[in-house]
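Participant: Pasting the sequence and the predicted model now:
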Amino acid sequence: MNLRPGIILQARYASTRLPGKALERIGRYTILEHCLQRLLGSGVTRIVLATTTRPEDDPLVETARRTGVLVYRGSNEDVLGRFAAAAETYDLDPVIRATGDNPAVDPGGASRLLQALARTGADYVQESGLPHGAALEAMTAPALHYAASAAITPYDREHVTTFIKSHPATFCLRTIAAPPALTDPSLSVTVDTAEDLAWVRELFDLVGSIEPAVSELIAAGRAQRREVA
């Protein structure tokens, strides 16, 4: 069987707590650009931006195409349906899930997850121990498409992988430990609110790099917490 692994980045302009956050800047780049650049460095050749058909998401599409990333546009509310349709459109299997609020996602996670899927024969693999917002998830295309056909609650349709994770009798689930140098689950590098954005900007500034490694952000976060304490 010829596998065609790919990463799907789900993102949209609308956000309840921080509208337009995908186009907010952290240093030189927008959050969306940070996500795309880091995923492009993962070694996975097929990267897809899965966004909505709303006109407000046109700038996200333009950004993705400018960086050479594929695009799929679908439902605003049914994120699981949009995600599965993007995977089907580009014939992806396995599928790695990334989200547009994680400008410090770890690029190396993609290869670790793909290796774990192959090694364990699992339907779904996640990593534990990474800072909140640095992790990816991986699943087989059959697991994703089964979830898209079977999930009925608004929560599962919105959060993509919750149906898979809540049905261990149906799916083979595995969790692998992140490398020790990348382990600090108490640190958050996700951006949901204005306060989160200010914190992540501060961390990037402390490192002093346009695209800091997760290990550098962990060190900066620990130093900052010691200062505050």
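Facilitator: Noted; the coordinates are in hand.

Participant: Tell me how far residue 174 lies from residue 181.
Facilitator: 21 Å (C-beta to C-beta, to the nearest Å). All C-beta atoms are positioned from the backbone trio N, CA, C, and that covers glycine.

Participant: same question, residue 156
Facilitator: In terms of C-beta to C-beta, residue 156 sits 34 Å off from residue 181.

Participant: coming back round to it: who has more neighbours out of residue 174 and residue 181?
Facilitator: residue 174 (17 against 11; other C-beta atoms under 10 Å).

Participant: residues near the residue nearest to residue 155 when sequence neighbours are not counted, how many?
Facilitator: Spatial nearest neighbour of residue 155, chain neighbours left out: residue 162 (6.3 Å); criterion: C-beta to C-beta, 6 or more residues apart in numbering. Residue 162 has 16 neighbours, counted by other C-beta under 10 Å.

Participant: From what I see, residue 162 and residue 156 are in contact.
Facilitator: Yes - between residue 162 and residue 156 there is a contact under C-beta atoms under 8 Å: 5.1 Å.

Participant: Helices of this protein, residue ranges please.
Facilitator: All helices of the chain, identified by DSSP state H, fall at 31-40, 58-66, 79-89, 109-120, 141-150, 154-159, 162-165, 194-207, 214-228.

Participant: can you redo these as TSV with mean pLDDT and distance to residue 51?
Facilitator: Formatted as TSV, these follow (pLDDT from 0 to 100; distance: least, C-beta to C-beta, whole Å):
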stretch	mean pLDDT	distance to residue 51
helix 31-40	98	10
helix 58-66	97	5
helix 79-89	98	8
helix 109-120	97	20
helix 141-150	98	17
helix 154-159	96	15
helix 162-165	98	20
helix 194-207	96	20
helix 214-228	84	25
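
Participant: out of those helices, nearest to residue 14?
Facilitator: Shortest distance between residue 14 and the helices of the chain, using C-beta to C-beta, is found for helix 58-66: 10.7 Å.

Participant: which residues sit against the closest one?
Facilitator: Helix 58-66 has contacts (C-beta atoms under 8 Å, 6 or more residues apart in numbering) with 11-13, 22-23, 30, 32-33, 36, 49, 51, 70-71, 73.

Participant: Show the contacting residues for residue 57.
Facilitator: Residue 57 touches 12-13, 51, 73, counting by C-beta under 8 Å, 6+ apart.

Participant: Now, the residues you listed that are in strands?
Facilitator: 51, 73 (DSSP state E).

Participant: Considering the contacts of residue 57, which possesses the most neighbours?
Facilitator: residue 51 (28 neighbours).

Participant: Next one: the nearest residue to it once chain neighbours are set aside from residue 100, what distance?
Facilitator: The shortest distance from residue 51 to any non-neighbouring residue, by C-beta to C-beta, 6+ apart, is to residue 57 (4.5 Å). As judged by C-beta to C-beta, residue 57 and residue 100 stand 11 Å apart.

Participant: Common neighbours of these two, please.
Facilitator: By C-beta under 8 Å, 6+ apart, residue 57 and residue 100 have these common neighbours: residue 12.
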